[in-house]
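Participant: Next comes the sequence, and after it the predicted model I'd like to discuss.
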Amino acid sequence: MAGATLYTVIVADDEDELREAVCTMIPWEELGFRLAGSAGNGLDALQLVEKYEPDLLLTDIRMPFISGIELARQVREVRPATNIAFLSGYDDFAYAQQAIQYNIISYMLKPLTIEGLGKELRAIRQKIDAQYALFRKSGPVGGEQKVRAAEVMPLVLDGYAEPEPEAQLEAYAREVGLLRDVEDRPCYTVMVSTLLSREGANRTTPSFAASIDRLAAKYLRSVSFFSGGKVVTVLLGNPSDFEEYLHILADELPQMARRALDGRCRMGISRMVRSLASLHGAYREAVEALRQGEHSGEGAQFIRDLSPAVQGGELLCQRALELLDQRYMDADLSLVSLSGMLDVSPNHLSACIKKYAGDTFINILIRRRMEAGRELVTGTELKLQEISRRCGYTDQHYFSYCFKKYCGESPNAMRRRLSAERTGEGA
């Protein structure tokens, strides 16, 4: 595909022979892809996704340590724009459908021939092309969405000395379809976005509002409009929706803008508010967050991350590492749960950790767990199952794999070696 953009791909399968065949026998560039790496288990696949930020992850659904569905969930948190194609056995198909919300672009049933896989990769290439084409599709917001935007715009932009009663505002919102019925009482967050060229010039146009709404619809209800060189988006949902999806949208939007529009997207995001009358205050917060984030090349700036308690990125990183040091034995510890403890966005925390600690959250967590594991392996006679549990692993084999990868030998091999060394010293 001369002249066409090559989409990056990572292949993950625990069957070494199959993985090697896929990596070496598929004419990747001819199909519009560039192979960035391969992995034999879900953990290695996740680390490769963090490192290379691929357009496509081709993975078996049954993977050691991290299942295909869990891998898809975690990939969405670190690289939401990555599409995922599952290779699965017939009995796994219904299981695989549980992951439909995680950017699953294809299900392929094993056994699959190289020719069959090549044909499916061509189809995936066309689907990814269509995703980016839809995102960059020109034209302003229209139809019912335009009516909703017209209703919301004055609430957002204008500060009323004597605001209308909330009940009256909600009645208007129901009339234009922003709210569904009298039982629909969502919370709101305002996001202000700009699209910049590589050189930093403002390239934001009214059509960018439609692009944002198309993308936001995957996660939250939204209405966007163009105003003063920026796009203003009102996002609607319940608190759990915002907790789960807002940081993902805030990551995916810059990724899509970079790939589809060859531009840099910056966003300012307000706190969550509970009434339409509060939208103007939320808008002011979002604008201030956008202004404060001007020093960054792209990405989201959440207003809550600018509070005096978390402003210092180096201090925040230090607090995060201290918490990680205290909680590494918790099997459910994640970037999202850690950010909740610190009351900051996962996006901000991830960026701070990378900047000031020089590595990703998951790599730092694994390293801390392995350091603890080595102390327990060498300094105690605890069984591996108990050591695994104390290091945050419910699967002993998962712990042993990470241990060997980090320390260069398995826990049992290390114990045997140290025992032989001590015996030799005592001889």
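Facilitator: Nice, I can see it. Fair warning: this is a prediction, and the values are worked out from it, not measured in the lab. Numbering: from 1, shown residues only.

Participant: got the contact list for residue 418?
Facilitator: Taking CB atoms under 8 Å, 6 or more residues apart in numbering, we find residue 418 in contact with residue 378. Bear in mind the C-beta positions are built from the backbone N, C-alpha and C, glycine included.

Participant: nope, residue 16 is what I meant
Facilitator: Counted by CB under 8 Å, 6+ apart, residue 16 has contacts residue 40.

Participant: count of residues packed around residue 182?
Facilitator: By other CB atoms under 10 Å, the residues close to residue 182 number 10.

Participant: number of nearby residues for the nearest residue to it once chain neighbours are set aside?
Facilitator: Nearest non-adjacent residue to residue 182, counting by CB to CB, 6 or more residues apart in numbering: residue 174, 7.4 Å away. Neighbourhood size, residue 174 [other CB under 10 Å]: 14.

Participant: from memory residue 174 sits against residue 168, does it?
Facilitator: No - with contacts counted by CB atoms under 8 Å, residue 174 stays clear of residue 168, the gap being 10.9 Å.

Participant: where exactly do the strands run in the stretch 51-200 of the chain?
Facilitator: In the stretch 51-200 of the chain, the strands defined using DSSP state E, counting those that start in this stretch lie at 56-60, 83-88, 104-109, 187-196.

Participant: the bottom helix or strand of this structure by mean pLDDT?
Facilitator: helix 93-96 (a mean of 69; mean pLDDT, DSSP states H and E).

Participant: low pLDDT regions in this structure?
Facilitator: With pLDDT under 70 as the threshold, the chain has low-confidence stretches at 1-4, 90-93, 96, 99, 138-143, 159-163, 307-312, 425-427.

Participant: and with 50 instead?
Facilitator: Counting by pLDDT under 50, the chain shows low-confidence ranges at 427.

Participant: Centroid-nearest residue for it?
Facilitator: residue 77 (2.6 Å; CA atoms, centre = their mean).

Participant: and the helix or strand hosting residue 362, C-alpha only, in PDB?
Facilitator: Assigned by DSSP states H and E, residue 362 belongs to helix 361-379. This file holds the C-alpha atoms of helix 361-379, laid out as PDB (Å, rounded to 0.1, in the frame of the first residue of the first chain):
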ATOM      1  CA  PHE A 361       2.500   3.000  36.600                       C
ATOM      2  CA  ILE A 362       2.300  -0.700  35.700                       C
ATOM      3  CA  ASN A 363       6.100  -1.100  35.400                       C
ATOM      4  CA  ILE A 364       6.700   0.600  38.700                       C
ATOM      5  CA  LEU A 365       4.000  -1.600  40.400                       C
ATOM      6  CA  ILE A 366       5.500  -4.800  39.000                       C
ATOM      7  CA  ARG A 367       9.000  -3.700  40.100                       C
ATOM      8  CA  ARG A 368       7.800  -3.000  43.700                       C
ATOM      9  CA  ARG A 369       6.000  -6.300  43.900                       C
ATOM     10  CA  MET A 370       9.100  -8.100  42.600                       C
ATOM     11  CA  GLU A 371      11.400  -6.400  45.100                       C
ATOM     12  CA  ALA A 372       9.000  -7.600  47.900                       C
ATOM     13  CA  GLY A 373       8.900 -11.000  46.300                       C
ATOM     14  CA  ARG A 374      12.600 -11.300  46.200                       C
ATOM     15  CA  GLU A 375      12.900 -10.400  49.900                       C
ATOM     16  CA  LEU A 376      10.300 -13.100  50.800                       C
ATOM     17  CA  VAL A 377      11.800 -15.700  48.600                       C
ATOM     18  CA  THR A 378      15.300 -15.200  49.900                       C
ATOM     19  CA  GLY A 379      14.500 -14.300  53.500                       C
END
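
Participant: C-terminal to it, what's the next element?
Facilitator: Sequence order places helix 384-390 as the next helix or strand after helix 361-379, per DSSP H and E.

Participant: And for the helix or strand just after that following helix, what's in contact with it?
Facilitator: For helix 384-390, the succeeding helix or strand toward the C-terminus, using DSSP H and E, is helix 396-407. Applying CB under 8 Å, 6+ apart, the set of residues contacting helix 396-407 from outside is 41, 43, 64-65, 366-367, 369-370, 373-374, 377, 384-385, 387-388, 391, 393, 410-411, 413-414.

Participant: buried stuff in the helix holding residue 362?
Facilitator: Buried residues in helix 361-379, counted by 16 or more other CB atoms under 10 Å: 361-366, 368-370, 372-374, 376-377.

Participant: how about TSV for those, with distance to residue 153 added?
Facilitator: Output for the buried residues of helix 361-379, formatted as TSV (distance: CB to CB, whole Å):
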residue	distance to residue 153
361	39
362	41
363	44
364	44
365	44
366	48
368	49
369	50
370	53
372	54
373	56
374	59
376	60
377	62
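
Participant: what's the spacing between residue 412 and residue 404?
Facilitator: 10 Å (CB to CB, to the nearest Å).

Participant: So which of those two has more stuff around it?
Facilitator: Per other CB under 10 Å, whichever of residue 412 and residue 404 has more neighbours is residue 404, with 16 against 13.

Participant: For residue 172, which non-adjacent residue is closest in space?
Facilitator: Closest to residue 172 by CB to CB, 6+ apart is residue 151, at 6.0 Å.

Participant: so the residue nearest to the centre of the chain makes contact with residue 245?
Facilitator: No - with contact defined as CB under 8 Å, residue 77 does not count as touching residue 245 (10.6 Å).

Participant: Can you give me the end-to-end span of stretch 254-270?
Facilitator: Criterion CA to CA, to the nearest Å; first-to-last residue distance in stretch 254-270 is 17 Å.
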